[in-house]
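[1] Quick one, fold the following:
(one chain, ligands or ions: 1)
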Amino acid sequence: MFRHHPPRGRRTAGFLATALVALSAGLTAAAPTAAAHADTTLGELAEAKGRYFGSATDNPELPDTRYTQILGSEFSQITVGNTMKWQYTEPSRGRFDYTAAEEIVDLAESNGQSVRGHTLVWHNQLPDWVGDVPAGELLEVMRDHITHEVDHFEGRLIHWDVVNEAFEEDGSRRQSVFQQKIGDSYIAEAFKAARAADPDVKLYYNDYNIEGIGPKSDAVYEMVKSFKARGIPIDGVGMQAHLIAGQVPASLQQNIQRFADLGVDVALTELDIRMTLPRTAAKDARQATDYGAVAEACLAVSRCVGITLWDYTDKYSWVPSVFPGEGAALPWDENFAKKPAYHAIAAALTGGSPAPRGECTATYRVTSQWQGGFTAEVTVGNGHTAPITGWTVTWTLPGGQSVSSAWNGDLTVGGQEVTVRNAAYNGTLSRSGSTTFGFQGEGTADTPADMTCTPSPATQSSGVIG
Ligand code: XIL
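    Sure thing, here's the model as predicted:
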């Protein structure tokens, strides 16, 4: 899902010494300040940490081109906010309709974004007919719904929220129609049906108010533990994270960790952090701190795989309609201006210094020269920010020069463009490491004017922030 884009902040500097011609080119990595990562998206920052950063969206918003421009560029993952729910996908028994959901999946795919499916079994946004199904038939109806929808989207989604919001605050089961007519076993049955329909998509249980440790998250924890013990297929827990500024649970990281320790992934699936209106600078600052803390808690646990905002702009937030007097819950305001929360998330994803992306330099020197030819050596150095796992040096042949062979690197020549990639044994460079490759050329030994080194993304060791 990593989108390729021209490296930022290339800088070149050359100098001439008597017997040494050197040129160095570096890729400047993001510094942990708001300004420095202004042109790196949250999706890219998260990607460098091995995570996704996404947004929910909904069909009525898609004609807003200002909205879709940011939706399509800033995020690496999309959740279908409404139109994969039962009321849309099976409005009457046995009649399935995925038109609206597919509009969003198609858009995400065209933008190179992954998609979470949300949600198969939930007590809300359920068409009336489901409530009227006789008790003896509901298990079959539920299985059919899951099978049909999971099958339909097979291969296009990374996750499914199989069951949503099945517990009450005290940890008891919510008395949904499924609970009442099928009984406790309905959740396990739902997961089994989903797995049977698609062996690869990751299956999630999703709920709110399970971000901190308490009776409700304890109940989900016990369920996951028992699923694991009984071989019921479950891959992840989605913590919705509809939070309140100033009230992020202190046990968030510890809670994510205890689920991870059961052998499931964790995703923050519907993040927003609301405040009492009106917005003030002080509330924005509080909210920014909270967003940063949530992102850090996720990054601190290697099995926390990603974060999704429940839409990204206050223009389309669900909060004001559901929590009267509250709102301003998202990192972009209703005019698409980035709030302090945005910069706090970016800073948390950047993880302080050293920057995650690494950088490298290439220094050229002629090692021998004869009539009509020469050999040169290029020193590839780490730019001292973060370890890198590979490098690619490119340059344009100066007029009258050609390259015939290279050693300690993989040579490709296409027209005037020369590319040398690391060999299998010299791609990894520690923060202060360097290596060399050499090549033989014909013609003049002139210094290439645009030699550039691009690092492969550094591997992130889990749990390391900054
Ligand atoms: C919300 C949508 O954002 C609204 O547009 C809709 O009217 C109701 O549902 N938990 C969930 C989401 O799992 O599906 C809900 O989405 C928000 C709470």
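[2] got the residues of the chain near the ligand?
    Gly81, Asn82, Asn164, Gln240, Glu270, Trp318 (CB under 6 Å from any ligand atom). Yep, even glycine has a C-beta here, placed from its N, CA and C like the rest.
[3] Please repeat the previous calculation with a cut-off of 5 Å.
    Residues of the chain found near the ligand (CB under 5 Å from any ligand atom) are Trp318.
[4] burial measure for the closest residue to the ligand within the stretch 201-350 of the chain, as a count.
    Nearest to the ligand, among the residues of the stretch 201-350 of the chain, is Trp318, at 3.6 Å (CB to the nearest ligand atom). For Trp318, the neighbour count with other CB atoms under 10 Å is 18.
[5] surely it meets Leu309?
    No. Contact criterion CB atoms under 8 Å: Trp318 and Leu309 do not qualify, at 11.5 Å.
[6] rewinding a little: mind pulling up the pLDDT for the closest residue to the residue of the stretch 201-350 of the chain closest to the ligand other than its chain neighbours?
    Excluding the flanking residues, the one nearest Trp318 by CB to CB, 6 or more residues apart in numbering is Trp310, at 6.5 Å. Predicted confidence (pLDDT) for Trp310: 98.
[7] could we number from 25 for the rest of this?
    Shifting the count to begin at 25 puts that one at Trp334.
[8] Could you pull up phi and psi at Phe463?
    phi -150, psi 160 (degrees, to the nearest 10).
[9] which ones are touching it?
    For Phe463, the contact set (CB atoms under 8 Å, 6 or more residues apart in numbering) comprises Thr399, Ala400, Val402, Val427, Ser428, Ser429, Ala430, Trp431, Gly433, Leu435, Val444.
[10] What of Pro355?
    Tyr315, Leu333, Tyr336, Lys362, Lys363, Ala365, Tyr366, Ile369.
[11] so how far is Ala319 from it?
    Applying CB to CB, to the nearest Å, the value for Pro355 to Ala319 is 11 Å.
[12] for Phe461, same thing?
    The value you get for Phe461 to Ala319, if CB to CB is used, is 38 Å.
[13] So between those two, which is more surrounded?
    When neighbours are counted by other CB under 10 Å, Phe461 and Ala319 differ, and Ala319 comes out ahead with 28 against 23.
[14] so that one sits right up against His367, yeah?
    No. Applying CB under 8 Å as the test, Ala319 and His367 come out as separate, 11.6 Å apart.
[15] so where's the stretch 175-324 of the chain shaky on pLDDT?
    Of all residues in the stretch 175-324 of the chain, none has pLDDT under 70.
[16] The residue in it that the ligand sits nearest to - how many residues pack around it?
    Closest contact between the stretch 175-324 of the chain and the ligand, by CB to the nearest ligand atom, is at Asn188 (5.1 Å). When neighbours are defined as other CB under 10 Å, Asn188 has 23 of them.
[17] Specify the local secondary structure of Asn450.
    Assigned state for Asn450: coil (three-state reduction, DSSP: H, G, I helix; E, B strand; the rest coil).
[18] And it, its phi and psi?
    Dihedral angles for Asn450 - degrees, to the nearest 10 - are phi -130, psi 30.
[19] Could you pull up the residues touching it?
    By CB under 8 Å, 6+ apart, the neighbours of Asn450 are Asn432, Gly433, Thr459, Phe461.
[20] likewise Gly160?
    Per CB under 8 Å, 6+ apart, neighbours of Gly160: none.
[21] Would you tell me what helix or strand Val186 is located in?
    strand 183-188 (DSSP states H and E).
[22] That strand pairs with which strands?
    Counting by DSSP bridges, the strands paired with strand 183-188 are strand 138-145 (parallel), strand 226-231 (parallel).
[23] Pull the distance from it to the chain's centre.
    How far strand 183-188 lies from its chain's middle: 18 Å, per CA atoms, centre = their mean, to the nearest Å.
[24] buried residues in whichever helix or strand comes after that strand?
    Sequence-wise, the next helix or strand downstream of strand 183-188 (DSSP H and E) is helix 201-205. Using 16 or more other CB atoms under 10 Å as the test for burial, helix 201-205 gives Val201, Phe202, Gln203, Lys205.
[25] Show me what helix 201-205 is in contact with.
    Val145, His147, Leu150, Val154, Gly155, Val157, Ala159, Leu162, Met166, Ala190, Arg197, Tyr210.
[26] what residues are up against the residue lying closest to the third one once chain neighbours are set aside?
    Residue nearest to Leu150 in three dimensions, not counting chain neighbours: Trp110, with 5.1 Å by CB to CB, 6+ apart. For Trp110, the contacting residues are Leu144, Val145, Trp146, Gln149, Leu150, Pro151, Val154, His169, taking CB under 8 Å, 6+ apart as the criterion.
[27] which stretches of the stretch 75-224 of the chain form strands?
    Along the stretch 75-224 of the chain, counting by DSSP state E, counting those that start in this stretch, strands occupy 76-81, 101-104, 138-145, 183-188.
[28] if we can go back for a sec, so of the contacts of helix 201-205, which two are at opposite extremes in space?
    Val157 and Arg197 (19.0 Å; CB to CB).
[29] follow-up on the earlier one: got the contact list for the residue nearest to Trp342?
    Contacts of Trp334 by CB under 8 Å, 6+ apart are Ala80, Gly105, Gln264, His266, Glu294, Leu295, Asp296, Ser341, Trp342, Leu354.
[30] before we move on, the earlier item: out of the strands paired with strand 183-188, flag the one nearest Gly414.
    Here strand 138-145 is closest among those (CB to CB), at 23.4 Å.
[31] angle of that closest one against strand 76-81?
    Interaxial angle of strand 138-145 relative to strand 76-81 (axes from the mean of the first three to the mean of the last three CA atoms, to 10 degrees): 50 degrees.
[32] before we move on, the earlier item: and the residue of the stretch 175-324 of the chain closest to the ligand, what are its bridge partners?
    Asn230.
[33] wait, it sits on Asn230?
    Yes. Using CB under 8 Å, Asn188 makes contact with Asn230 at a distance of 4.9 Å.
[34] Need the overlap of contacts for those two.
    With CB under 8 Å, 6+ apart as the test, Asn188 and Asn230 both reach His142, Thr143.
[35] So which residues of the protein form helices?
    66-72, 89-98, 110-113, 123-134, 152-155, 159-176, 201-205, 210-221, 239-254, 276-285, 305-323, 343-346, 364-374 (DSSP state H).
[36] Stretch 253-272: end-to-end distance?
    Stretch 253-272 has an end-to-end distance of 31 Å (CA to CA, to the nearest Å).
[37] in it, what's buried?
    256-269, 272.
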